[in-house]
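K.L.:
test case, fold it:
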Amino acid sequence: MSLSTAAFSADIDISTDSNDVAIKGYDPVAYFTDSKAVKGDQAFSAAHKNAIYHFSTAGNRDAFKADPEKYAPQYGGYCAFGVAMGKKFETDPNAWKVVNNKLYLNLDKSVQKRWLEDIPDYINTANTNWSTIKTVEADKL
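P.N.:
Modelled structure (predicted):
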């Protein structure tokens, strides 16, 4: 039974809840189209890397399905600052920023404030770290 359950779990490099829902059910496309965090509706869902994403509209769902890499958060939705520190932390969907057409999430607003102090450096460091930690379970870091 556990083998079949594992086959349906979100990929290790994606941050999800216990039901494999990413970004706590927030719509990843809305960050780009509405410039704000918008709670998704499970009626408009799509899977990517075995994680379930919810969307506020069918149009947003369809845009995501057409190009998930464009809209999915960087570092699998883990905290961008945390990844720069070599860790995988959960995120607050309201602590976000789109930089160079990529979505970055942070643990919370206080962590985001620190990340905003030097975004380019933190992104460069996180990009380097991500290749090493993306396949490591969060509690092993």
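K.L.:
partner strands of the helix or strand hosting residue 44, parallel or antiparallel?
P.N.:
Here residue 44, judged by DSSP states H and E, is contained in strand 41-48. Applying DSSP bridges, strand 41-48 is found paired with strand 51-55 (antiparallel).
K.L.:
what's the angle between the next helix or strand after the partner strand and strand 41-48?
P.N.:
Per DSSP H and E, strand 51-55 leads on to helix 58-66 as the next helix or strand towards the C-terminus. Computed by axes from the mean of the first three to the mean of the last three CA atoms, to 10 degrees, the angle separating helix 58-66 from strand 41-48 equals 10 degrees.
K.L.:
just the buried residues of the helix ranked longest in the chain, please?
P.N.:
The longest helix of the chain (DSSP state H) is helix 119-133. Residues 122, 123, 125, 126, 129, 130, 133 are the ones in helix 119-133 that count as buried (16 or more other CB atoms under 10 Å). Just so you know, the C-beta spots here come from the backbone N, C-alpha and C atoms, and that holds for glycine as well.
K.L.:
go on, stretch 111-118?
P.N.:
Neighbour-count burial for stretch 111-118, counted by 16+ other CB under 10 Å, picks out 111, 112, 115.
K.L.:
so which of the residues you listed are in helices?
P.N.:
With helices defined by DSSP H, the entries of those inside them are 111, 112, 115.
K.L.:
if we can go back for a sec, show me what the longest helix of the chain is packed up against.
P.N.:
The contact analysis (3 or more CB pairs under 8 Å, 6 or more residues apart in numbering; DSSP states H and E) places helix 119-133 against helix 80-84, strand 92-99.
K.L.:
need the contact partners of that helix.
P.N.:
Applying CB atoms under 8 Å, 6 or more residues apart in numbering, the contact partners of helix 119-133 are 74-75, 80-81, 83-88, 97, 99, 104, 115, 141.
K.L.:
residue 26: which of the helices and strands packed on helix 119-133 is closest?
P.N.:
Residue 26 sits nearest to strand 92-99 of all these, at 4.0 Å, using CB to CB.
K.L.:
residue 90: neighbour count?
P.N.:
Look at residue 90: counted by other CB atoms under 10 Å, it has 16 neighbours.
K.L.:
done for today, thanks.
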